[in-house]
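In: Provided below are the primary sequence and the corresponding predicted coordinates.
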Amino acid sequence: MRRIVIGMAIAAGLLLPACSDQPTEITPNEPSQIPPIAAAVVPACPASTTLADILNQINQVLPRSPIRTSLIALVSALPSRLQDRIKTTVRRLIFPIVDLILRSYNAGQFGPKTPTKQDQVYDLIRKLYCYVGLTPPDLPSGSGGTDIVVAVVFPNSPTTTISVPSGHAAVQVPTGAAPTGGVTIVVRKLPDSPPPLLTTLNQYPFFYEYSGTTATGPVTFNLDVTVGICLETTPPPSVNLANLRVAHNVGTNFGDVEVLPPVAGQPPGINCSDLSLGPASDTQGGSGLFAWGGWNRMARTLAPVGRALLPEELHAATVALATAGVGGTTKKFSPFGIVDQTSNPASIQTVDQNGNATDGVVTGPGTVYVKATSRNGSIIAGVPVTFDETTVFTGSNGIASFNWTTATPGATLTASVPNQSNEVPPSCPSDIPTPNPVTGAYRPLVCFTPSQVTFRDEAAGPIGYGATGYRYFFPVGAPPEGFEGTSFDDSSWLLGNAAFGFHSPANPTCTLIDNSQTLWAAGSTDTPSLILLRRRFTLPGGPSTGIVSVAIDNDVRVFVNGTEITNTAQTTDPGGVVFLNGFVQHEGCPTRGSFTFTASNLNPGVNLLVIMARDRGGSTYIDAEVTAAPPPIP
């Protein structure tokens, strides 16, 4: 078995983009379908890439040597006509060349290993891919990327273990797993945040992008390969380490994730000893090279020449390995990471633009935000959030935004995310699908609890009689603690419009009650009926004092911004203000403005009105108005 540690430790930065996701493939026997040269070039590949360009770059970056002579001979043997070089049989010829380039660079044949030299080597590889119409591997610039390994494996290569320089990620490719012609494998570290997997499960770094390119596109191995990744830090004590699995994306839609079957023992090739997360064991590796045998006779002749000319570039020394890694088997590559397979559900919540939790109350048209987090509080990117009929996706901060242009007093807006739980109500901790009986892999469910949140407009302008957008609640016994406070959560209360009331047949002359919009059932002397109302408001100019006017049958208490103002009551009733167990008492038919209360604690912006009304039998009625206090008389 050979163990490859070809990667170059590079400073963090930007990665050069790949040319496309698929190669340009032309059917050789249909000349009428052969496009002009410009159309055959993969997007982002230089349109002017020629054989002379590649040969010139070899002469520039590689000192005069037998290796340079060998590379020039191999490249010169590539066909020059477009319709020839884009054939699959020709595309396969570049993989022994890329293998020789990589081994030569790592053996020091290109001179000192500098970021500039690495850029030149990677650019040479890109040009070879582009010359035959293939998408180049995603290779970083010399000033970008961290912890990367690049290697070529062929069908007849011995079992090969490819590790990144840190040892924190590796892949083992058994003999016969690589497709015909070979595969260029790139493993590179991804940022810890946002986690890259499209799942609601808890994700734990490290995260690595595994990619493989062949003569016909992204690799699908003939046999299972083993992927291993180290845990960056020890998970919290609440996490059962036996539930950790390697998972990876298998599509572009949220939920397109596959949890891999675990491997027994330490995944091959990874070294987590520097992370101090487990005991150590030993492993050894070897080296080897296979050149594709169908390439005239030149490739077969020069491959052993390359082996004779190059020193051993592979690290074959014994390496201390720790057991803090997780492994799995797969046939396809993508971003990989570690998940807790029992960690559903995730959740969404209403937040502000900075991700701070809010109660979902808005003050008119504007942008609203939701945030998606997994069970351990990690952000989740790429989640589709549907605001009524418009779907947007959470960004790298886990937040999705929507411009609610139609917000009006009393209006609501629902934001929802997918939920696949089979449990009622959805919770998902036991919803682990049965693994595929052949592969041992499975796709975890997408599960959010809650899976929807509601925004509501309750604070647009002053409150007039008959206003919309009240939150109301009928308490049985004592009202909920803190109901009058600004931080009280009333999202579970009903939403209704004023006035609230019931016209009893025993009071046929109370015509105002006929304007009731929301039912409030009557009580009795022994068992009074209570209703709690909450509504936010603003007043033009943000006055420091306001007047709350009410029409009530029977009794009322009033609060503004969490402070009770019942004791400021004034009335036009002949009997004056009468208090009964903390309520201002009223008898007879309600009239608008019969009671007023002074609120001297208004905020410049949004304020909160809370009313507790009580009925002692017969008809019921409550409605309110908030206006600015008149200026003082000079």
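Out: Received it, and whenever you're ready, just let me know what you need. Numbers count the residues shown, from 1 in each chain.

In: end to end on stretch 469-480, go ahead and measure it.
Out: By CA to CA, to the nearest Å, the extent of stretch 469-480 from end to end equals 21 Å.

In: in it, what's buried?
Out: 469, 470, 471, 472, 473, 479 (16 or more other CB atoms under 10 Å). Heads up, the C-betas are built off the backbone N, CA and C, glycines and all.

In: stretch 338-348 too?
Out: When neighbours are counted by 16+ other CB under 10 Å, the buried residues of stretch 338-348 are found to be 338, 339, 340, 341, 342, 343, 344, 345, 346, 347, 348.

In: okay, it in CSV with CA atoms only?
Out: Output for stretch 338-348, consisting of C-alpha atoms alone and laid out as CSV, is shown next (Å, rounded to 0.1, in the frame of the first residue of the first chain):
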residue,chain,number,x,y,z
ILE,A,338,-19.0,14.7,11.0
VAL,A,339,-22.6,14.7,12.2
ASP,A,340,-24.5,13.4,15.2
GLN,A,341,-27.1,11.2,13.7
THR,A,342,-29.4,11.5,16.7
SER,A,343,-29.3,15.3,17.0
ASN,A,344,-32.5,16.4,15.2
PRO,A,345,-34.5,18.6,15.3
ALA,A,346,-33.2,21.9,14.3
SER,A,347,-35.2,25.1,14.7
ILE,A,348,-36.0,28.5,13.2
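
In: quick one, longest helix in this structure?
Out: helix 115-131 (DSSP state H).

In: elements contacting that one?
Out: Taking 3 or more CB pairs under 8 Å, 6 or more residues apart in numbering; DSSP states H and E as the contact definition, the neighbouring helices and strands of helix 115-131 are helix 51-61, helix 94-106.

In: low pLDDT regions in the stretch 51-200 of the chain?
Out: The model of the stretch 51-200 of the chain has pLDDT under 70 over residues 142-146.

In: how about the chain?
Out: Residues of the chain that meet the criterion pLDDT under 70 lie in 1-48, 142-146, 276-323, 409-410, 422-431, 458-460, 542-543, 631-634.

In: give me the most central residue, it.
Out: Taking CA atoms, centre = their mean, the centroid of the chain lies closest to residue 381, which sits 1.2 Å from it.

In: and the gap between the nearest residue to that one once chain neighbours are set aside and residue 398?
Out: Sequence neighbours aside, residue 194 is the residue nearest to residue 381 in space, at 4.1 Å (criterion: CB to CB, 6 or more residues apart in numbering). As defined by CB to CB, to the nearest Å, residue 194 lies at a distance of 7 Å from residue 398.

In: what touches both of those two?
Out: Common neighbours of residue 194 and residue 398, using CB atoms under 8 Å, 6 or more residues apart in numbering, are 379, 380, 381.

In: looking at those, spot the one nearest residue 524.
Out: Using CB to CB, residue 380 is the member of the shared contacts of residue 194 and residue 398 that lies nearest residue 524, at 52.5 Å.

In: right, and the closest one touches residue 346 too?
Out: Yes. Contact between residue 380 and residue 346 holds when scored by CB atoms under 8 Å: they sit 6.1 Å apart.
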